[in-house]
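Undergrad: When you get a sec, could you give me coordinates for this:
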Amino acid sequence: MIVMKTKFFTLVFFIFFVSLGFAQEIKPKLEKQGDLIKATYYFDNGKVKEVGFFLENKLHGEWTTFNDEGKKTAVANYENGKKVGKWYVLANGTVKELIYDSNKLVNVRNIDSTETSPI
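TA: Numbering: from 1, shown residues only. Next up, the predicted model:
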């Protein structure tokens, strides 16, 4: 009987904290802009995590990702759900330029500190 009560209270405790965690999650903001839907996702601290667009439920256009301090960590481009063009990613203090063609990675290089990048 004691073992059963312990399991029951453990289960109730677990469900309470899981539901509490989900209740505090900030929902994404979705805005219609012409044919596109602009999506903004947030960290639990309220700062923007990611901003980008959807076209017919597929990633489309520029997507920008931020860290929880609000600094850009990536700028990516999509066309109808496929990775395309230049992407910029901050990794270990270095900005990398990745080039995609129809979802295939074709080139990667480090951005020199004298070059400008969107990050």
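Undergrad: measure the residue sitting nearest the centre point of the chain to Y41 for me?
TA: Note on the chain: the residue nearest the mean C-alpha position is E50, at 4.6 Å, using Cα atoms, centre = their mean. Applying Cβ to Cβ, to the nearest Å, the value for E50 to Y41 is 4 Å. Where C-beta positions appear, they are placed from N, C-alpha and C, glycine not excepted.
Undergrad: re the thing from before, I'd guessed the residue nearest to the centre of the chain sits against T65; true?
TA: Yes. Because the distance of 4.9 Å satisfies Cβ atoms under 8 Å, E50 is recorded as touching T65.
Undergrad: so where is the protein shaky, pLDDT-wise?
TA: Along the chain, segments meeting pLDDT under 70 span 1-24.
Undergrad: Break down it into its strands, ranges please.
TA: Counting by DSSP state E, the chain has these strands, from start to end: 29-33, 36-42, 48-55, 58-66, 72-79, 82-83, 85-91, 94-101, 104-110.
Undergrad: Tabulate those in TSV, adding columns for distance to T116.
TA: Shown next, in TSV, are the strands of the chain (distance: least, Cβ to Cβ, whole Å):
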stretch	distance to T116
strand 29-33	27
strand 36-42	25
strand 48-55	21
strand 58-66	16
strand 72-79	12
strand 82-83	22
strand 85-91	10
strand 94-101	10
strand 104-110	14
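Undergrad: And those: which comes nearest P118?
TA: Closest of the strands of the chain to P118 is strand 72-79, at 4.5 Å (criterion: Cβ to Cβ).
Undergrad: ok, residues contacting the closest one?
TA: With contacts defined as Cβ atoms under 8 Å, 6 or more residues apart in numbering, strand 72-79 is touched by 52, 58-67, 83-90, 100, 118-119.
Undergrad: now stretch 37-48
TA: Counting by Cβ under 8 Å, 6+ apart, 24-26, 28-32, 49-55, 66, 68-70 sit against stretch 37-48.
Undergrad: one step back: any idea how far the residue nearest to the centre of the chain lies from V89?
TA: E50 is 13 Å from V89, where distance means Cβ to Cβ.
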